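Undergrad: please work out how this folds:
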Amino acid sequence: MRKILISVLAIFFVVVTHAQSGSAHSSTYRTALGVKIWDGGGISLKHFFNEKNAGELIGYFWYRGVRFTGLYEIHGDISGASGLKWYVGPGAHVGFYNDKYGGGGVIGIDGVIGLDYKINSAPINISLDWQPSLEFGSSRGFTGGWGGLGIRYTF
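TA: Below is the predicted model:
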């Protein structure tokens, strides 16, 4: 898993180094890549399909295992706050947990609600969200502890 994380970080730095950021001095962006800080950590890629609809892929890595989440997010402007948007939407995930935490693979459905802010004078996006989820399988069910603080480079 360490090799995968190092490879992902290396790709991230190459993309950041070579990207032409058209969103550096704007309150909007099209695509963003960065980290999601939560109980563990994750890699987050967010892409807007149009002004109000985006998809986000998140790979969470922590001491209990790994979890890959895909979210469809509907965004809306917050009046009087340039660059700040609210978002809400559905999603799904697949996880692979250590034996100490139930072991094996799981699938589930997710929801998300949060705030997204694009810094006007820098190619940086910050988000804060909550991702409640329902996992299917033995000893599984509702969990409300997912989500976190996202810090991403926009391009």
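
Undergrad: ranges for the helices of this structure?
TA: Using DSSP state H, the helices found in the chain span residues 2-18.

Undergrad: that one: strands as residue ranges?
TA: Remark: strands assigned in the chain by DSSP state E are 31-37, 41-48, 53-62, 65-77, 84-97, 104-118, 124-130, 133-136, 142-143, 147-154.

Undergrad: pLDDT weak spots in the protein?
TA: Within the chain, the segments meeting pLDDT under 70 span 1-27, 101-102, 138.

Undergrad: now Val88, which residues is it bridged with?
TA: Beta bridges link Val88 to Ile74, Ile113, judged by DSSP bridges.

Undergrad: whoops, Gly41 was the one
TA: Taking DSSP bridges as the rule, Gly41 bridges to Ile37, Phe61.

Undergrad: what comes into contact with stretch 135-151?
TA: 34-39, 42, 44, 46, 60, 69, 95, 102, 104, 106-108, 110, 112, 114, 124-134 (Cβ atoms under 8 Å, 6 or more residues apart in numbering). Just so you know, the C-beta spots here come from the backbone N, C-alpha and C atoms, and that holds for glycine as well.

Undergrad: if we can go back for a sec, let me have the strands of the chain in JSON lines, extended by mean neighbour count.
TA: Output for those, formatted as JSON lines (neighbours: other Cβ atoms under 10 Å):
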{"stretch": "strand 31-37", "mean neighbour count": "20"}
{"stretch": "strand 41-48", "mean neighbour count": "19"}
{"stretch": "strand 53-62", "mean neighbour count": "19"}
{"stretch": "strand 65-77", "mean neighbour count": "18"}
{"stretch": "strand 84-97", "mean neighbour count": "17"}
{"stretch": "strand 104-118", "mean neighbour count": "18"}
{"stretch": "strand 124-130", "mean neighbour count": "19"}
{"stretch": "strand 133-136", "mean neighbour count": "17"}
{"stretch": "strand 142-143", "mean neighbour count": "11"}
{"stretch": "strand 147-154", "mean neighbour count": "20"}
